[in-house]
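1. dropping the sequence and predicted coords here.
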Amino acid sequence: MNICNREGGRCAEMAMVCLTDFEEYAREHLSKATWDYYAAGADECCTRDDNLLAYKRIRLRPRILRDVSSSDTRITVQGTEISFPVGIAPTAFHCLAWHEGEVATARAAEALNTCYISSTYSTCSVEEIVAAAPSGYRWFQLYVYRDRKLSEQIVHRVEALGYKALVLTVDVPYTGKRRNDIRNQFKLPPHLKVKNFEGVFQQEAAGPEEYGIPANTLDPSISWKDVYWLQSITRLPIIIKGILTKEDAELAVEHGVQGVIVSNHGGRQLDGGPASIDALTEIVDTVQGRIEIYVDGGIRTGSDVLKALALGARCVFIGRPAVWGLAYKGEEGLREVLQILNDEFRLSMALSGCRNVAEINRNLIQFSRL
């Protein structure tokens, strides 16, 4: 962020101290339509906003005199070690924020040794992402389409490329009503494409489009049997993203998936559903450690990460803050966002009396305030 000295006319760079600084920079520098697209929630944005407010309602119970002279933030997800429990959630169209798009995202995740879930709706192809960060740890986010062959082909592509898991998004039988996108008549600019499907939809190109692909491509008939179908075509672990209730968490376990992401799609789908952090506890209590549980939505500080882990998440994922980092300085900006969260998390751990992630548990949470 630049601030100018009026007398000398020189511009000095102001330190980016927290994720809100990156949000303000992105709001000022992205086009209105692009900012509105990333910021959008469904309908009145109650759930989007509650994702943030819910973390502020949670209070911690710090322990003292615990010798926190050294700390370790490493964890494993699906058997792979990452440097700290913050990954990058799948978000679309990174080239709208920075010209290199998902290539920059992949490099930043690789540099900080964390997990990047690349989106189906990327403006770089899965091949370009792998080429940019060959040793990065990646999962692939998948939708189920009316034409199952489309889904099957992309699954085989990412499996061959060395992606380590499939993240099946299950909360979009239809796209939520995002008012500003409708008002702005949001469309990808002509020079950008959903690169994973380049050339696939040529026949439908003249028809109505929704977020870069022909309208009505997503399959609203998706059901639990599609989890079995997916298992039949891949050996990759399957993680279901978009679960908010204990009943669906139990069904996920019964259907043999390897993890769930507690998520309300950043408040972009059903408005009036729970904040994802508020849904976490009942899901953790139901799953009882049988599969790994992650959470996204509303994480803005290191203490938010600590709260999520204390309530039973193995790892959190950030969506919008990753895009803000890209908007600031591409790969370097996203590295800064991740490093700030890492540093804040380490500090919050120490100030709570935790030396490593294994020491984080529900005793840290003041339940009387929930």
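-> Perfect, I can see it now.
2. which residues of this structure fall in strands?
-> For the chain, applying DSSP state E gives strands covering 2-4, 11-13, 75-77, 80-82, 86-88, 115-118, 137-142, 166-169, 209-210, 213-214, 238-243, 259-262, 292-296, 315-318.
3. what's the least confident stretch among those strands?
-> The minimum mean pLDDT among those belongs to strand 2-4 (a mean of 48).
4. if I pick Gln258, what's in contact with it?
-> Listed by CB atoms under 8 Å, 6 or more residues apart in numbering, the contact set of Gln258 reads 78, 165, 237-239, 291-292. For glycine as for every other residue, the C-beta is placed from the backbone atoms N, C-alpha and C.
5. reformat the residues you listed as a markdown table; add neighbour count.
-> Listed next are the contacts of Gln258 as a markdown table, based on neighbours: other CB atoms under 10 Å:
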| residue | neighbour count |
| --- | --- |
| Gln78 | 17 |
| Ala165 | 23 |
| Pro237 | 19 |
| Ile238 | 20 |
| Ile239 | 25 |
| Ile291 | 18 |
| Glu292 | 20 |
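6. look up how far Asn51 lies from the nearest residue to Arg320 once chain neighbours are set aside.
-> Spatially, and ignoring its direct neighbours in sequence, Arg320 is nearest to Tyr38 (5.9 Å; CB to CB, 6 or more residues apart in numbering). With distances taken as CB to CB, to the nearest Å, Tyr38 is found 14 Å from Asn51.
7. with Thr34 instead?
-> Distance, Thr34 to Asn51, using CB to CB: 21 Å.
8. which one of these two has more residues nearby?
-> Higher neighbour count among Thr34 and Asn51: Asn51, with 24 against 19, using other CB atoms under 10 Å.
9. my read: that one touches Ala275, true?
-> Yes - between Asn51 and Ala275 a contact is recorded at 4.9 Å, counting by CB atoms under 8 Å.
10. and for Arg178, the neighbour number?
-> Neighbours of Arg178 under the rule other CB under 10 Å: 24.
11. now it: how far from Leu218?
-> Counting by CB to CB, the gap from Arg178 to Leu218 is 15 Å.
12. what residue is smack in the middle of the chain?
-> Ala89 (1.8 Å; CA atoms, centre = their mean).
13. picking up where we left off before, what's the pLDDT at the residue nearest to Arg320?
-> 98.
14. can you check Gly212 too?
-> In this model, Gly212 is scored at 88, pLDDT.
15. dump the residue contacts of it.
-> 92-93, 121, 187-188, 192-194.
16. can you list phi and psi of the nearest residue to Leu188 once chain neighbours are set aside for me?
-> Using CB to CB, 6+ apart and skipping residues adjacent in sequence, the residue nearest Leu188 is Gly212, 4.7 Å away. Dihedral pair for Gly212: phi 90, psi -10, per degrees, to the nearest 10.
17. residues of stretch 69-83 that come out buried?
-> Across stretch 69-83, burial judged by 16 or more other CB atoms under 10 Å covers 73, 75, 77-78, 82.
18. so which elements touch the top helix by length along the chain?
-> The residue-count maximum for a helix in the chain (DSSP state H) belongs to helix 320-351. Applying 3 or more CB pairs under 8 Å, 6 or more residues apart in numbering; DSSP states H and E, one finds that helix 320-351 contacts helix 19-29, helix 32-39, strand 86-88, helix 102-111, helix 302-310.
19. re earlier: just flag the most distant two among the buried residues of stretch 69-83.
-> With CB to CB as the measure, no two of those lie farther apart than Thr73 and Gln78, at 17.8 Å.
20. bridge partners for Asp296, pull those for me.
-> Phe317 (DSSP bridges).
21. Gln339: which of the strands of the chain is closest?
-> The closest of the strands of the chain to Gln339 is strand 86-88. By CB to CB, the value is 10.3 Å.
22. can you give me the offset of the closest one from its chain's centre?
-> Taking the mean of its C-alpha atoms, strand 86-88 sits 7 Å from the chain's own mean (CA atoms, centre = their mean, to the nearest Å).
23. below-threshold pLDDT in this structure: ranges please.
-> Across the chain, the ranges flagged by pLDDT under 70 are 1-12, 202-206, 368-370.
24. got the strands of the chain as CSV, with distance to Gly302 columns?
-> Below are the strands of the chain laid out as CSV (distance: least, CB to CB, whole Å):
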stretch, distance to Gly302
strand 2-4, 26
strand 11-13, 23
strand 75-77, 14
strand 80-82, 16
strand 86-88, 9
strand 115-118, 18
strand 137-142, 21
strand 166-169, 24
strand 209-210, 36
strand 213-214, 37
strand 238-243, 23
strand 259-262, 19
strand 292-296, 15
strand 315-318, 11
